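K.L.:
Predicted model follows, preceded by the sequence.
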Amino acid sequence: MDKLRLLSQINLLDELPEEELKKVDEVTQTAPIKKGTIILSPTQQMRSLFFLKKGQVRLFKVSSSGKEFTVDLLSEGNVFGETSNFSLTESDIYAETMVDSFVCTLTKERFEELLRQNPDISLKLITILTSKLKEMYQITESIAYKDVKYRILLLFMQLSNRFGVRSGEWQTVGVKITQHDIASMIGSSRETVSLFLGELEKEQVITRKPLKINTVLAKELYEVEEG
DNA sequence: GCATTAAAGGACT
DNA sequence: AGTCCTTTAATGC
């Protein structure tokens, strides 16, 4: 596995010149991690940041009654805790690999050093965090005021914009996701998600295998329900 | 309008 | 074969 090439695929780092990339490479360690592994939990806090080189990771919280709320999905090229660990507060967040993955670790100190030396990376990090914040605002608002069908569409639009591939009016969602995952991201239940996915498929707003969303039809549905 | 429960079928390893 | 994922229907808030 070409470590350097994988590093250059980290979206935060892709603007780094080669020599800087090599420096980063020297202070990081890459490890293969099997699907379903908890790599971060409230009880085993790490003082490092993670670069997800390959695979998919889910960040989630667990309520006192044992229910999971998924905060974020991460795909190849993402850094975490972009959203959790890097903020000073120790948070009760779990990170679990959803597929077999390659994760590389970087100490917080090294990462901060990297930011100081490369203002462009800092700016890019702000951009990433800002757009994530915007997404979270949308999701929380939709949980307060919108129905489940709307929330599913909103989620798909967000995932699709971040991870998907566009071809005309159709966009792939771009991540491997179960109905339980969806439910845990929009504050719903698996069964209800199943019901509405069925409806959305009949209405031809989405397709499954592969999971795609028709952005035009989705937007129409937004407007109807916003009125 | 949706969660919950239950029950059963399908898919993955 | 066993676990995980999905679907469907009934019930009640």
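P.N.:
Perfect, thanks for sending it.
K.L.:
Could I get the phi/psi values of the residue nearest the centre of chain A?
P.N.:
By Cα atoms, centre = their mean, chain A has its centre lying nearest to A:Leu73, at 2.6 Å. For A:Leu73, the backbone dihedrals are phi -110, psi 140 (criterion: degrees, to the nearest 10).
K.L.:
ok, longest helix in chain A?
P.N.:
helix A:119-145 (DSSP state H).
K.L.:
Which neighbouring elements make contact with it?
P.N.:
helix A:108-117, helix A:148-163, helix A:179-186 (3 or more Cβ pairs under 8 Å, 6 or more residues apart in numbering; DSSP states H and E). In this view, the C-beta of every residue, glycine as well, is placed from N, C-alpha and C.
K.L.:
how about 10 Å then?
P.N.:
Secondary structure elements in contact with helix A:119-145, counted by 3 or more Cβ pairs under 10 Å, 6 or more residues apart in numbering; DSSP states H and E, are strand A:68-74, helix A:108-117, helix A:148-163, helix A:179-186, helix A:215-226.
K.L.:
measure the residue nearest to the centre of chain A to A:Ala95 for me?
P.N.:
Using Cβ to Cβ, to the nearest Å, A:Leu73 is found at 11 Å from A:Ala95.
K.L.:
Are there residues contacting both of these two? Which ones?
P.N.:
A:Val57, A:Arg58, A:Leu59, A:Phe60 (Cβ atoms under 10 Å, 6 or more residues apart in numbering).
K.L.:
Who are the contact partners of the residue nearest to the centre of chain A?
P.N.:
A:56-60, A:98, A:155, A:158-159, A:162-163, A:174-177, A:181, A:185.
K.L.:
how about the residues of chain A near DNA strand C?
P.N.:
A:Thr178, A:Gln179, A:His180, A:Arg190, A:Glu191, A:Ser194, A:Leu195, A:Leu197, A:Gly198 (Cβ under 7 Å from any atom of the strand).
K.L.:
Among those, which ones lie close to DNA strand B?
P.N.:
Okay, of those touching DNA strand B (Cβ under 7 Å from any atom of the strand), that's A:Glu191.
K.L.:
So what's the gap between stretch A:32-44 and the chain middle?
P.N.:
16 Å (Cα atoms, centre = their mean, to the nearest Å).
K.L.:
Return the set of buried residues in that stretch.
P.N.:
Judged by neighbour count (16 or more other Cβ atoms under 10 Å), stretch A:32-44 contains these buried residues: A:Ile33, A:Ile39, A:Leu40.
K.L.:
which non-adjacent residue is nearest the last one?
P.N.:
Spelled out, that is A:Leu40. Once flanking residues are discounted, A:Leu40 sits nearest to A:Ala95: 3.7 Å by Cβ to Cβ, 6 or more residues apart in numbering.
K.L.:
and that neighbour, bridged to which residues?
P.N.:
Under DSSP bridges, the beta-bridge partners of A:Ala95 are A:Leu40, A:Leu59.
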